[in-house]
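K.L.:
coords please:
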Amino acid sequence: MADLEEEMSDLVDKANRLVCKEGRFSLNVSPMAQDKVDKLTLVGKIVADKVINKNKVIVITTKAWVPTEGMTVKVVGENLFLFIFNAEADKRKVECQAPWNIDGFHLILRKPEKNLLPREINFSKTVF
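P.N.:
Next comes the predicted model:
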């Protein structure tokens, strides 16, 4: 699991530092890593008028979701997080029990989209 977290974190860091004259570029990810991302990762956006502290997000989600195998939370933007689960069943449980809120603010969860950075994912619609 540490390898996936390191690879994801490395890709996000690299993508955030790159500039492309043509506006788009691609980073190649191994098919095995892509499969793990698809099965174990959710991107979450908290709809709030203030920045929510990462530690608060970790405490609230860990207590509410009770992941049996654990999870990692990474900040990838303002109120934008990666939730990387260690077990596919934990991720599915969280998806099925949505909607969620963090400190009274709505948390929109999306699956990562291939070739899109987390900040490029559309969070404009949600279900209650």
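
K.L.:
Only C-alpha atoms from now on, for both contacts and neighbour counts.
P.N.:
Fine.

K.L.:
Residue ranges in this structure under the pLDDT threshold?
P.N.:
1-2, 18-27, 29, 33, 35 (pLDDT under 70).

K.L.:
tell me the helices in it, going along the chain?
P.N.:
2-17, 31-40, 54-65, 88-96 (DSSP state H).

K.L.:
Tabulate those in JSON lines, adding columns for mean neighbour count and distance to Asn79.
P.N.:
Output for the helices of the chain, formatted as JSON lines (neighbours: other Cα atoms under 10 Å; distance: least, Cα to Cα, whole Å):
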{"stretch": "helix 2-17", "mean neighbour count": "13", "distance to Asn79": "16"}
{"stretch": "helix 31-40", "mean neighbour count": "16", "distance to Asn79": "20"}
{"stretch": "helix 54-65", "mean neighbour count": "14", "distance to Asn79": "8"}
{"stretch": "helix 88-96", "mean neighbour count": "15", "distance to Asn79": "18"}
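
K.L.:
would CSV of the ones you listed with distance to Asp103 be doable?
P.N.:
Formatted as CSV, these follow (distance: least, Cα to Cα, whole Å):
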stretch, distance to Asp103
helix 2-17, 26
helix 31-40, 24
helix 54-65, 8
helix 88-96, 17
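
K.L.:
now for these, which one comes closest to Leu107?
P.N.:
Leu107 sits nearest to helix 54-65 of all the helices of the chain, at 10.1 Å, using Cα to Cα.
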